[in-house]
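Asks: Have a look at this prediction, sequence included:
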Protein chains: 2
Amino acid sequence: MAEANVPEPGDRPRLIALDWGTSNLRASLLGEGGRVLDARSAAGGVMAVPERRFAEALLALCGDWIEAHHVPLIASGMIGSRQGWQEAPYLECPAGLADAAARLTRVKVDSTLAHDIVLHIVPGLHVVGPDGLDDVMRGEETQLWGADLPAGRCAVLPGTHSKWAWLGEGGQVTAFQTCMTGELFALLSLHSILGRLMVPGGASPAAFEQGVRLGLAAPDQLLHALFSNRTAGLMDRLPGEALPDHLSGLLIGAEIGGALRRGVVEPLALIGDEALCGRYELALSLAGLASERVAAGATTRGQWRVAAAAGLLEEAAR
Amino acid sequence: MAEANVPEPGDRPRLIALDWGTSNLRASLLGEGGRVLDARSAAGGVMAVPERRFAEALLALCGDWIEAHHVPLIASGMIGSRQGWQEAPYLECPAGLADAAARLTRVKVDSTLAHDIVLHIVPGLHVVGPDGLDDVMRGEETQLWGADLPAGRCAVLPGTHSKWAWLGEGGQVTAFQTCMTGELFALLSLHSILGRLMVPGGASPAAFEQGVRLGLAAPDQLLHALFSNRTAGLMDRLPGEALPDHLSGLLIGAEIGGALRRGVVEPLALIGDEALCGRYELALSLAGLASERVAAGATTRGQWRVAAAAGLLEEAAR
């Protein structure tokens, strides 16, 4: 892994890469080859910035980088949504890195700095699935391009809205599907009757596995199986500390069980947060599915590659 | 229907029947044969009463009835749960009205009134399903006994936690399953990303039907299909006003689709809120399932019958 938070001598900044999501804004200062020289984050996500003051949020987090280094800026994620800074129209699948690089949305950033600042937003992807349903992603396409997967691979990107994506030739994303697994877990834990019996802070691998097996066995009974998280607590089958992991397993199991009925290709590539990928790895193994984790840093690698393909790094070198 | 809110001459009060749920407390003053003489309700549900001041909530709503009529009190619903006034232990299925009548939990009500007041709480039911999962109900058992269904019937009681129940000989409840359909609808509408595109107050039968068909076709893909409620809005396939009905249809369709895979018996008996039963009636018909609505008032009819079987009405007549 060629990543570090401390710049080495001779490392010249080349790109500011922003992973700008719903809740958080993560900024990375990238050097030659996309090496991470420095990284910062703030709760400056699209839904967290008041009155669409995106320029302020950006300058507050890395105005000093911008002033000091005069390097191009690229952003991926929900910042390109209708609720974001400026809508970056979706690309239709199949779509590859070169298509995205040719369709960056340029936003001029108002600032008191002497030089012009332009933010380049990576477009999201749109697809109509075999079920006739629309689906969209924003940010995961850049992670997929950073993961550099061979044609034919199927990737899983766990999260608030998990994505299952299929890759074609030359890194093209040919199809994908979203599952609201992570958001449902948060909603049910925080706001539903299930949360009332939960005791936070515990960990129960056994309850997680029990939940996964339940979800895998009957993803079509999810509305019913969810209630068994409550009855497991009521009937003292599981302690309150084990209920969050039981629910997590149940939802992830139902997600994988549903995907199995659509058809997947092994080994699955797992991309994203370490702890969450660990959960999926275990759940996939319980489903008898092989998986491989993609090395951390897929987001900045993807952002670097899109910036390079768009010629942003040449401009900067001029 | 022998129901009215205005007492007729000669109608003597015989029973105060309380439908005491999580959010609301509904009180009915019943005359001969269970005829409803008067009815009142308050937001005095189990989760709405501060510091477990259940006696205060009861006396505030119908202390005047209690003082004036000296009739017995019966309650069904979440008031018998661990979070309620006093836990009324579950009966194991199969369980019938006579079993419940023999196992009422008696709670002495503290008051400044001259005569003793005792509240009789109907026990809930517990079952372990063919899937090995525990399930519980509190309140619906009393509605089922009020519906007076023949052996072999399958009943659907839509709600926050929908119940599908199977009836045996003599009104016994032989099995049942809960689905968290209503609670999920509320959570997703109020707290999830889906709610952001929704415009409340609209009605769209076409969007409801579209949602139902989607849920029926693939209940095992619910986690994915939920996201299509958002994309339908994003891609302008549906206006914001139609999105709540689309989500409602999707969840009800998935509930019915899941039930179909477990096996049901037609015609299904529909019990509960008029508007919600209307939605289920339509969704069931789209699934090709015949249903019949049970006449309104099943709760008070059930409470009357349990009270009669428990001998409470004889005591009162003494």
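Replies: Noted; the coordinates are in hand. Numbers count the residues shown, from 1 in each chain, chains lettered A, B, ... in the order given.
Asks: What is the strand or helix carrying A:Ala155 packed up against?
Replies: Assessed by DSSP states H and E, A:Ala155 sits inside strand A:154-157. On a contact count with 3 or more Cβ pairs under 8 Å, 6 or more residues apart in numbering or on different chains; DSSP states H and E, strand A:154-157 meets helix A:140-147, strand A:162-167, strand A:268-270. For every residue, glycine as well, the C-beta is placed using N, CA and C.
Asks: Show residues contacting it.
Replies: With contacts defined as Cβ atoms under 8 Å, 6 or more residues apart in numbering or on different chains, strand A:154-157 is touched by A:140, A:143-144, A:147, A:149, A:162-167, A:264-266, A:268-272, A:280, A:284, A:291, A:294.
Asks: now with 7 Å?
Replies: A:140, A:143-144, A:147, A:149, A:162-167, A:264-265, A:268-272, A:280 (Cβ atoms under 7 Å, 6 or more residues apart in numbering or on different chains).
Asks: Return the distance of the nearest residue to A:Pro72 once chain neighbours are set aside relative to B:Val49.
Replies: Closest residue in space to A:Pro72, ignoring its immediate chain neighbours: A:Leu312 at 4.2 Å, by Cβ to Cβ, 6 or more residues apart in numbering or on different chains. Distance of A:Leu312 to B:Val49, computed by Cβ to Cβ, to the nearest Å: 62 Å.
Asks: looking at this, A:Asp99 is in a strand?
Replies: No: looking at A:Asp99 with DSSP: H, G, I helix; E, B strand; the rest coil, it is helix, so not inside a strand.
Asks: Name every strand pairing with the strand holding A:Ala155 and say which way it goes.
Replies: strand A:162-167 (antiparallel), strand A:268-270 (parallel) (DSSP bridges).
Asks: Check the offset of the first one from the chain's centre.
Replies: The chain centroid and the centroid of strand A:162-167 are separated by 11 Å under Cα atoms, centre = their mean, to the nearest Å.
Asks: and the angle from it to helix A:140-147?
Replies: When axes from the mean of the first three to the mean of the last three Cα atoms, to 10 degrees is applied, the directions of strand A:162-167 and helix A:140-147 differ by 50 degrees.
Asks: Helix or strand next in line after strand A:162-167, which one?
Replies: Following strand A:162-167 toward the C-terminus (DSSP H and E): strand A:173-179.
Asks: list the helices and strands that next one packs on?
Replies: strand A:125-128, strand A:134-137, strand A:162-167, helix B:222-225 (3 or more Cβ pairs under 7 Å, 6 or more residues apart in numbering or on different chains; DSSP states H and E).
Asks: taking the mean pLDDT, what do you get for that strand?
Replies: For strand A:173-179, mean pLDDT rounds to 97.
Asks: who's in contact with that strand?
Replies: Contact with strand A:173-179 is made by A:93-95, A:125, A:127, A:129, A:135, A:137, A:141, A:144, A:161-168, A:255, B:223-224, B:227, as judged by Cβ under 7 Å, 6+ apart.
Asks: Please apply the same query to stretch A:13-31.
Replies: Applying Cβ under 7 Å, 6+ apart, the contact partners of stretch A:13-31 are A:11-12, A:32, A:36-48, A:57, A:61-62, A:65-66, A:69, A:71-79, A:139, A:299-300, A:303-304, A:307, A:313, A:316.
Asks: List the ones among these that fall in helices.
Replies: A:57, A:61-62, A:65-66, A:69, A:299-300, A:303-304, A:307, A:313, A:316 (DSSP state H).
Asks: would JSON lines of those residues with pLDDT and distance to A:Ser189 be doable?
Replies: Listed next are the ones in helices among the contacts of stretch A:13-31 as JSON lines, based on pLDDT from 0 to 100; distance: Cβ to Cβ, whole Å:
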{"residue": "A:Ala57", "pLDDT": "96", "distance to A:Ser189": "28"}
{"residue": "A:Leu61", "pLDDT": "97", "distance to A:Ser189": "29"}
{"residue": "A:Cys62", "pLDDT": "96", "distance to A:Ser189": "33"}
{"residue": "A:Trp65", "pLDDT": "97", "distance to A:Ser189": "37"}
{"residue": "A:Ile66", "pLDDT": "96", "distance to A:Ser189": "39"}
{"residue": "A:His69", "pLDDT": "95", "distance to A:Ser189": "42"}
{"residue": "A:Thr299", "pLDDT": "98", "distance to A:Ser189": "26"}
{"residue": "A:Thr300", "pLDDT": "98", "distance to A:Ser189": "31"}
{"residue": "A:Gln303", "pLDDT": "98", "distance to A:Ser189": "32"}
{"residue": "A:Trp304", "pLDDT": "98", "distance to A:Ser189": "36"}
{"residue": "A:Ala307", "pLDDT": "98", "distance to A:Ser189": "38"}
{"residue": "A:Leu313", "pLDDT": "95", "distance to A:Ser189": "43"}
{"residue": "A:Ala316", "pLDDT": "50", "distance to A:Ser189": "45"}
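Asks: Around chain B, pick out the residues from the stretch 101-250 of chain A.
Replies: Contacts of the stretch 101-250 of chain A with chain B, taken as Cβ under 7 Å from any Cβ of the partner chain, map to A:131, A:133-136, A:161, A:177-181, A:183-184, A:187, A:191-193, A:218-228, A:231-232, A:234-235, A:237.
Asks: Select only the buried ones of these in ChimeraX?
Replies: One line in ChimeraX is enough to select the buried ones among those; burial here means 16 or more other Cβ atoms under 10 Å in any protein chain shown:
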select /A:133,134,135,136,161,177,178,179,180,181,183,184,187,192,193,218,219,220,221,222,223,224,225,226,227,228,231,232,234
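Asks: what number of residues lie near A:Val71?
Replies: Residues near A:Val71, counting by other Cβ atoms under 10 Å in any protein chain shown, number 23.
Asks: ok, now A:Ala269?
Replies: 21.
Asks: Is it correct that A:Val109 is in contact with A:Asp116?
Replies: No: the criterion here is Cβ atoms under 7 Å, and A:Val109 misses it with A:Asp116 at 8.2 Å.
Asks: Just want to know which of those two has more residues nearby.
Replies: Shown here are A:Val109 and A:Asp116; by other Cβ under 10 Å, A:Val109 has more neighbours (17 against 8).
Asks: For that one, grab phi and psi.
Replies: Main-chain torsions, A:Val109, degrees, to the nearest 10: phi -100, psi 120.
Asks: And A:Pro267, by the same measure?
Replies: For A:Pro267, the backbone dihedrals (degrees, to the nearest 10) come out as phi -70, psi 140.
Asks: Break chain A into its domains for me.
Replies: Chain A breaks down into these domains under automatic domain parsing: A:15-125+A:297-317, A:179-293.
Asks: Same list (those) but as a markdown table, adding distance to B:Pro89.
Replies: Formatted as a markdown table, the domains of chain A follow (distance: least, Cβ to Cβ, whole Å):
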| stretch | distance to B:Pro89 |
| --- | --- |
| domain A:15-125+A:297-317 | 44 |
| domain A:179-293 | 12 |
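Asks: Adding distance to B:Trp20 and mean pLDDT, write the helices and strands packed on strand A:173-179 out as CSV.
Replies: Below are the helices and strands packed on strand A:173-179 laid out as CSV (distance: least, Cβ to Cβ, whole Å; pLDDT from 0 to 100):
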stretch, distance to B:Trp20, mean pLDDT
strand A:125-128, 49, 98
strand A:134-137, 44, 98
strand A:162-167, 40, 98
helix B:222-225, 32, 98
